[in-house]
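>>> following is a predicted model, sequence given first.
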Amino acid sequence: MKFEKEAENKRKLVIICAVIIAVMFMIGLMISEKIRQSMMEKYQIYDTALQIDDKKLFEQAIKTNIGYAFVYGKLKTIDPVSYPEVSGEYSYLKKKEQKYRKHSRNVTKTYTDSKGKTRTKTETEDYWTWDTIRTESKTATRISFLDVEFDYEKIPFPESHQLETVKTGYHKRNVYYGTDAEFQGTIFTSLKENTINNTKFYANKTIIQTIENLKTGIELVIFWIIWILIMVGVAFVFYYRKIKA
């Protein structure tokens, strides 16, 4: 009787879990439909946005506040920055001054004693790390895109990358990071108030490649991956807790 009752309880729990998953799946369908509608609205904007690769047309579109546009051209820094220790000029530079320092930490170790028993002991061990003690940076103030000038903040440049590491003394060094001064690519922007707004830059991509990149539907894929994991997790936790109760 006991085993039959346990089996019956497990069957009921499985049914409840199936219902939970079914309900959450329906909720997921409603959420995904809203995501899909939002995607379609954005895709319509991409499809109707003006496509520009000419300076005069770009300037005219800015003056007439044409709205959304994809613009292909060269992003250039007008007043690049530099450090004497680093070769080249960049749109952005950061220098980290670092010292190689010794630290201590407590570490618990497991060992077997002479009687074959497993024991633990806590020891203090030293370790060394490069610690940043000072950071400074330089940023350009003026840039151009398709030979039209803007303030630096108007177009987000790609992320900086590590350039060089220069030893400055015993256990001392400077690490330099920078963003190149020029890029070829496409911007997606809103042309209003006689300037560009809410601009995103896609390095090394043509207008067509940029649109294809923006219309992958990845939002729905990511949502369903996360939602399925949540559904399974909720059902598993419910089943496990009821079994243990």
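Right, received. Where do you want to start?
>>> mind listing the residues bridging to the residue nearest to residue 53 when sequence neighbours are not counted?
In space, and not counting its chain neighbours, residue 53 is closest to residue 72: 4.4 Å by C-beta to C-beta, 6 or more residues apart in numbering. Where you see a C-beta, it was placed from the backbone N, CA and C, and this is true even at glycine. Beta bridges link residue 72 to residue 186, judged by DSSP bridges.
>>> so for the residue nearest the centre of the chain, what's the pLDDT?
In the chain, the C-alpha nearest the mean C-alpha coordinate belongs to residue 159, at 10.6 Å (C-alpha atoms, centre = their mean). Predicted confidence (pLDDT) for residue 159: 94.
>>> which one is it nearest to, not counting chain neighbours?
In space, and not counting its chain neighbours, residue 159 is closest to residue 179: 7.2 Å by C-beta to C-beta, 6+ apart.
>>> okay, and that neighbour sits in which element?
Using DSSP states H and E, residue 179 sits within strand 172-180.
>>> show me the domain layout of this structure.
1-48+215-245, 54-206 (automatic domain parsing).
>>> deepest-packed of those domains, please.
Most buried of those, by mean neighbour count (mean count of other C-beta atoms under 10 Å): domain 54-206, with a mean of 15.
>>> now do the same end-to-end measure for it.
Domain 54-206 has an end-to-end distance of 13 Å (C-alpha to C-alpha, to the nearest Å).
>>> distance between that domain and the chain's centre?
13 Å (C-alpha atoms, centre = their mean, to the nearest Å).
>>> now do the contacts for the closest residue in space to residue 67 that isn't next to it in sequence.
The shortest distance from residue 67 to any non-neighbouring residue, by C-beta to C-beta, 6+ apart, is to residue 191 (6.2 Å). Residues in contact with residue 191 (C-beta atoms under 8 Å, 6 or more residues apart in numbering) are 61-62, 64-69, 197.
>>> pick out the most distant pair among these.
Spatially, the most separated pair among the contacts of residue 191 is 64 and 197, at 14.5 Å (C-beta to C-beta).
>>> how about low-confidence regions in this protein?
Within the chain, the ranges that satisfy pLDDT under 70 run 1-7, 244-245.
>>> in it, which helix is the longest?
When the chain is parsed with DSSP state H, its longest helix is helix 2-48.
>>> following element in sequence after that helix, please.
Following helix 2-48 in sequence, per DSSP H and E, is strand 50-52.
>>> on that earlier part again, distance of the residue nearest to residue 159 from residue 77?
Shown here: residue 179 relative to residue 77, a distance of 9 Å by C-beta to C-beta, to the nearest Å.
>>> any residues in contact with both of these two?
In contact with both residue 179 and residue 77: 90-91, using C-beta under 8 Å, 6+ apart.
>>> ok, residue 183 touching residue 73?
No. If you go by C-beta atoms under 8 Å, residue 183 and residue 73 don't touch, sitting 9.9 Å apart.
>>> sorry, back to before: which other residues reach the strand holding residue 179?
Residues contacting strand 172-180 (C-beta under 8 Å, 6+ apart): 83, 85-86, 88, 90-100, 130, 157-168.
>>> just the strands in this structure please.
Using DSSP state E, the strands assigned to the chain run over residues 50-52, 67-77, 90-112, 118-139, 142-145, 148-151, 161-169, 172-180, 182-192, 195-203.
>>> JSON lines for these, including distance to residue 23?
Output for these, formatted as JSON lines (distance: least, C-beta to C-beta, whole Å):
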{"stretch": "strand 50-52", "distance to residue 23": "45"}
{"stretch": "strand 67-77", "distance to residue 23": "39"}
{"stretch": "strand 90-112", "distance to residue 23": "46"}
{"stretch": "strand 118-139", "distance to residue 23": "47"}
{"stretch": "strand 142-145", "distance to residue 23": "50"}
{"stretch": "strand 148-151", "distance to residue 23": "51"}
{"stretch": "strand 161-169", "distance to residue 23": "47"}
{"stretch": "strand 172-180", "distance to residue 23": "49"}
{"stretch": "strand 182-192", "distance to residue 23": "39"}
{"stretch": "strand 195-203", "distance to residue 23": "38"}
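>>> with that, I have no additional questions.
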